[in-house]
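This is the structure alone, sequence omitted:
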């Protein structure tokens, strides 16, 4: 009787959720070729391709879409069993601050796995701009996940870099074209690293743009983009499934490159054992 290799199943999930073979390898402590080999082994065992590249994104095939929830359940059950029998009982409350796009796209499954493994820990999650989360006088959180300029990390004590994220332009579809002569942007308020990077890049190019819609709520921003109010900038792994990275249209050739940002984590209370465990959990999976 054959058995699904859990390492390969975890590799499949990481590749899809992180949208990168390299990032998946970093997360799982494997090389990029090793991650590819694990996925190939799983696909051969199932007799179907599970992932494909489409419009610059790693997407699910039909078989992948049918398999992914079972894969998540399998990994969650594995982690719950291990936590139950190998970890001491853990309880307490953890206050987590995180940018809303990461809360919406990346963390639901990570937090779901943690909650299942440690049912006596209460999680209180708040979304805000990274600038607000990292204020020196902000004592509202036990753990903070935020975005900063890569060169600033060395000057901020207590920050652990989780990964670098490329910034990409996002619209309602990959071949989106604007209406009119002035490009319209959908952005978060002042203080957002995406907004600052985009406006600085256009200013350097001498191009005129207009911010047509501002909203601090991620769901509000994505709804505005889906309605055709403009385009925005996001970290690559946080692009929602209903939107697309702009790269196939003539507009994409005129958009400036925006570089990378650092995704960092700060543990503000070293005596909170539940927070320390969640920080380790996130570090291993992001």
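Structure received. Please read these numbers as outputs of a predicted model, since none were measured by experiment.

Residue 111: what's it in contact with?
Counting by Cβ atoms under 8 Å, 6 or more residues apart in numbering, residue 111 makes contact with 123, 125. Any C-beta I mention is one placed from the backbone N, CA and C, and that applies to glycine too.

Tell me the helix or strand right after the strand or helix carrying it.
Residue 111 belongs to helix 107-117 when elements are defined using DSSP states H and E. For helix 107-117, the following helix or strand on the C-terminal side (DSSP H and E) is strand 121-127.

partners of that following strand in the sheet?
strand 92-98 (parallel) (DSSP bridges).

which residues are in contact with the strand it pairs with?
Against strand 92-98 from outside (Cβ under 8 Å, 6+ apart): 107, 120-128, 133, 138, 140-146, 272-275, 278.

Now, of those residues, which are buried?
107, 121, 127-128, 133, 141-146, 272, 274-275, 278 (16 or more other Cβ atoms under 10 Å).

How about the secondary structure of the closest residue to residue 198 other than its chain neighbours?
In this structure, residue 198 finds its nearest non-sequential neighbour in residue 233, 4.9 Å apart by Cβ to Cβ, 6 or more residues apart in numbering. The three-state label given to residue 233 by DSSP: H, G, I helix; E, B strand; the rest coil is strand.

Would you confirm that residue 233 contacts residue 165?
No: at 11.2 Å, residue 233 does not count as touching residue 165 under the criterion of Cβ atoms under 8 Å.

so what are the domain limits for this structure?
Domain assignment for the chain by automatic domain parsing gives 6-86, 93-157+266-285, 166-261.

check contacts around residue 6.
Contacts for residue 6 (Cβ under 8 Å, 6+ apart) come out as 74, 75, 78.

Could you measure from it over to residue 33?
Applying Cβ to Cβ, to the nearest Å, the value for residue 6 to residue 33 is 20 Å.

Going along the chain, name the strands of the chain.
51-54, 57-60, 92-98, 121-127, 143-148, 159-171, 183-187, 209-214, 232-235, 244-245, 260-267 (DSSP state E).

could these be laid out in CSV, adding mean pLDDT and distance to residue 114?
Shown next, in CSV, are the strands of the chain (pLDDT from 0 to 100; distance: least, Cβ to Cβ, whole Å):
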stretch, mean pLDDT, distance to residue 114
strand 51-54, 85, 25
strand 57-60, 83, 24
strand 92-98, 93, 9
strand 121-127, 91, 7
strand 143-148, 92, 11
strand 159-171, 87, 16
strand 183-187, 93, 32
strand 209-214, 92, 33
strand 232-235, 94, 22
strand 244-245, 89, 29
strand 260-267, 89, 14
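
how distant is stretch 9-27 from the center of its chain?
Mean-position distance between stretch 9-27 and its chain equals 12 Å (Cα atoms, centre = their mean, to the nearest Å).

who's the closest residue to residue 160 other than its chain neighbours bridged to?
Take residue 160 and drop its neighbours on the chain: the residue closest to it by Cβ to Cβ, 6+ apart is residue 265, 4.9 Å away. In this entry, residue 265 is beta-bridged to residue 145, residue 160, by DSSP bridges.

Provide the count of other residues in contact range of residue 265.
When neighbours are counted by other Cβ atoms under 10 Å, residue 265 registers 19.

is it true that it touches residue 145?
Yes: applying Cβ under 8 Å as the test, residue 265 and residue 145 come out as touching, 5.2 Å apart.

Find residues that contact each of the two.
Common neighbours of residue 265 and residue 145 (Cβ under 8 Å, 6+ apart) are 162, 282.

quick revisit: what's the spacing between the residue nearest to residue 198 and residue 149?
14 Å.

These two: which is more packed in?
A side-by-side neighbour count of residue 233 and residue 149, using other Cβ under 10 Å, places residue 233 first with 24 against 13.
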